[in-house]
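*Asks:* Dropping the sequence and predicted coords here.
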Amino acid sequence: MKVLLIGNGGREHALSYKIKQSKLLTELKVFPGNGGFEKNEILPPNSINLKNKKSVQKFVLDNHFEFVVVGPEEPLVDGIVDWLDEIRIPCFGPSLYAAQLEGSKEFAKDFMKEFNIPTAKYEAFSDIDLAKDHIRNHSFPLVIKADGLAAGKGVTIAHNTNIALTALDDIFIKNKFNLSTKKVVVEEFLEGEEASIFALCDGNNFLMFPAAQDHKRAYDGDQGPNTGGMGAYCPAPIATDAVYQQVSEYVFKPVLEGMKKRGYLYKGLLYAGLMIQNNQVKILEFNCRFGDPETQAILLLLEDDLLSLMLDCSNGKLNKEKLMIKNGYSSVVVLSAKGYPGTYTKNIPLKLSIPTNQETLIFHAGTYKAESNELLSNGGRILGISSYADTLKESIDKSYNYLSSLNIQEAFYRKDIGKRAL
Ligand code: AMP
Ligand code: GLY
């Protein structure tokens, strides 16, 4: 099977690592890719305009791709799965309609309300004055969410009126997140510990991965600004059997059934972002794709053929009872460019040794190979160092051992990944 993988992050490098183990694969190409891929695996720049239906359809047909795996949310929310469906090319990911679970906070909240999926109480506003009135009459903290894809930056936890009003001005007046529709969801602040559970879905059935815990803040001790994620580990012990059971029964099951009631199917990966308190789960957010960097840890535990599972999702034939998951733990520590998530250094030379430990893998994110073949950075998150071991501590130690052997002055990483669970 000739497969096209779309994306350029650590997530896609990790997906490719698993997809390449599949017996079904004959050829894998990636677009736009990163420095972790072989040069001949990466399609030339400008091969595809991912914003343009005709460009995507023509490229896929002309080049005889048989299956497309979409990593990031943006093409999914734009409708790439529907575009490929029109030309009968199977694809891993949800349709335009189903991807709104990530693409619109209001859609997701209304959906959860309709199908009794546990989540924070909320109101949605498309009028700034009504939103301001609501805030002035409310106690704090409150959470303000821009409605649309904002690369994880659209959420403000407001502890007082001023912060809340500034967040509304940023969305409605300054259009800080460059969104086409100006809307907000204002919701109740939830206490607890966060984790995420991913499920592969075929429209009717789903299979859950073990829970992972991301580290969203830039610096140790959960200090500093929010990032895309600085590290993760899996399984997260905060997810007890009671948690998995609730997520299965009161989250994934009603999502799939709710979609069917509305005349659609949820296929692909559904990411449930959870807040857990006293073993009780509430949904913070849904994402319509694998998480980054959680995927770089989670996939080290998967024994099944990922490509085959992805095909089953797309064909509606996900008939296994459960995923084959290795015992033990996996983790990923992200090496970032100094300054990230603000303005960061680029073109940092990366001299990487091969990990001495076979259970440590380097997943590339913001890297590229220059003409000279030199490896350089071009993103805020540069590498994810992922390790598998029998215990969480060994897994994390392996990644840190490798990182301490590197000497990259212009980069940094958190030193406390997984600490909560140790
Ligand atoms: P979201 O994109 O909706 O997941 O929000 C990003 C982050 O904001 C989450 O990972 C949480 O850390 C935080 N957050 C979002 N909603 C809430 C809430 N209702 N209560 C507390 N924290 C929240
Ligand atoms: N790591 C958070 C996300 O992928 O959304």
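*Replies:* The structure has been received and is ready for your questions. Ligands and ions are numbered 1, 2, ... in the order given.

*Asks:* The residue nearest to residue 51 when sequence neighbours are not counted: how many residues sit nearby?
*Replies:* Spatial nearest neighbour of residue 51, excluding adjacent residues (C-beta to C-beta, 6 or more residues apart in numbering): residue 78 at 6.5 Å. (Glycine included, C-beta is placed from N, CA and C.) If you count neighbours by other C-beta atoms under 10 Å, residue 78 ends up with 19.

*Asks:* Residue 299 now?
*Replies:* Taking other C-beta under 10 Å as the criterion, the count of residues near residue 299 is 23.

*Asks:* Renumber starting at 54 from here on
*Replies:* Right, with 54 as the first residue, what we last looked at is residue 352.

*Asks:* distance of it from residue 163?
*Replies:* Residue 352 sits 32 Å away from residue 163, taking C-beta to C-beta, to the nearest Å as the criterion.

*Asks:* thinking in terms of the whole chain, how far from its middle is stretch 103-112?
*Replies:* 23 Å (C-alpha atoms, centre = their mean, to the nearest Å).

*Asks:* likewise stretch 364-371?
*Replies:* 21 Å.

*Asks:* residues making contact with it?
*Replies:* With C-beta atoms under 8 Å, 6 or more residues apart in numbering as the test, stretch 364-371 has contacts from 54, 77, 120, 143-145, 253-260, 318, 320-322, 362, 372-373.

*Asks:* From these, keep the buried residues only.
*Replies:* Of the members of the contacts of stretch 364-371, the ones counted as buried by neighbours, 16 or more other C-beta atoms under 10 Å, are 54, 120, 143-145, 253-260, 318, 320-322, 362.

*Asks:* mind listing which of those residues are in strands?
*Replies:* Counting by DSSP state E, the members of those that fall within strands are 120, 144, 145, 253, 254, 255, 259, 260, 320, 321, 322.

*Asks:* Of those residues, which ones also sit close to ligand 2?
*Replies:* With C-beta under 6 Å from any ligand atom as the criterion, those include none near ligand 2.

*Asks:* one step back: contact partners for the residue nearest to residue 104?
*Replies:* With contacts taken as C-beta under 8 Å, 6+ apart, residue 131 has the following neighbours: 103, 104, 149.

*Asks:* Please identify which of those residues is nearest to ligand 1.
*Replies:* Ligand 1 lies nearest to residue 149 out of these, by C-beta to the nearest ligand atom, at 20.1 Å.

*Asks:* Quick check, pLDDT for residue 178.
*Replies:* The confidence metric pLDDT takes the value 92 at residue 178.

*Asks:* Residue 328: neighbouring residues, count only.
*Replies:* 20.

*Asks:* That one contacts residue 337, doesn't it?
*Replies:* Yes: counting by C-beta atoms under 8 Å, residue 328 sits close enough to residue 337 to count as a contact (5.2 Å).

*Asks:* Between these two, which contacts overlap?
*Replies:* In the contact map built from C-beta under 8 Å, 6+ apart, the residues linked to both residue 328 and residue 337 are 173, 243, 247.

*Asks:* among the residues you listed, which are in strands?
*Replies:* Those of the shared contacts of residue 328 and residue 337 lying in strands (DSSP E): residue 247.

*Asks:* of the shared contacts of residue 328 and residue 337, closest to residue 83?
*Replies:* The nearest member of the shared contacts of residue 328 and residue 337 to residue 83, counting by C-beta to C-beta, is residue 247 at 30.3 Å.

*Asks:* show me the contacts for the closest one.
*Replies:* Residue 247 makes contact with 266, 267, 326, 327, 328, 329, 337, according to C-beta under 8 Å, 6+ apart.

*Asks:* can you give me phi and psi for the second one?
*Replies:* In other words, residue 267. Residue 267 has phi and psi values of phi -90, psi 170 when expressed as degrees, to the nearest 10.

*Asks:* List the contacts of it.
*Replies:* Taking C-beta under 8 Å, 6+ apart, we find residue 267 in contact with 247, 249, 282, 284, 285, 344, 346, 347.

*Asks:* Would you map the strands across the stretch 54-203 of the chain?
*Replies:* When secondary structure is read from DSSP state E, counting those that start in this stretch, the stretch 54-203 of the chain shows strands at 55-60, 80-85, 120-123, 144-145, 175-178, 195-199.

*Asks:* Mind putting those strands into TSV with distance to ligand 1?
*Replies:* As requested, the strands of the stretch 54-203 of the chain are exported to TSV (distance: least, C-beta to the nearest ligand atom, whole Å):
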stretch	distance to ligand 1
strand 55-60	19
strand 80-85	25
strand 120-123	20
strand 144-145	23
strand 175-178	8
strand 195-199	4
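
*Asks:* Pick the most buried one from those.
*Replies:* Neighbour counts (mean count of other C-beta atoms under 10 Å) averaged over each of the strands of the stretch 54-203 of the chain peak at strand 144-145, with a mean of 28.

*Asks:* Output the contacting helices and strands for that strand.
*Replies:* The elements that strand 144-145 packs onto, with contact taken as 3 or more C-beta pairs under 8 Å, 6 or more residues apart in numbering; DSSP states H and E, are strand 120-123, helix 133-139, helix 359-368.

*Asks:* Out of the ones you listed, flag the one nearest residue 417.
*Replies:* Counting by C-beta to C-beta, residue 417 lies closest to strand 120-123 out of the helices and strands packed on strand 144-145; the figure is 17.1 Å.

*Asks:* Could you give the average pLDDT over that closest one?
*Replies:* Strand 120-123 shows an average pLDDT of 98 in the prediction.

*Asks:* do stretch 352-361 as well
*Replies:* Looking at stretch 352-361 alone, the average pLDDT works out to 98.

*Asks:* how many neighbours does residue 68 have?
*Replies:* For residue 68, the count of nearby residues is 26 (other C-beta under 10 Å).

*Asks:* Quick check, it in contact with residue 344.
*Replies:* No: taking contact to mean C-beta under 8 Å, the distance of 11.7 Å between residue 68 and residue 344 leaves them out of contact.

*Asks:* Can you list the residue ranges for helices in the protein?
*Replies:* Listed in chain order, the helices of the chain (DSSP state H) span residues 63-72, 106-115, 126-131, 133-139, 153-156, 158-167, 181-189, 214-225, 294-300, 306-314, 347-351, 359-368, 445-458.
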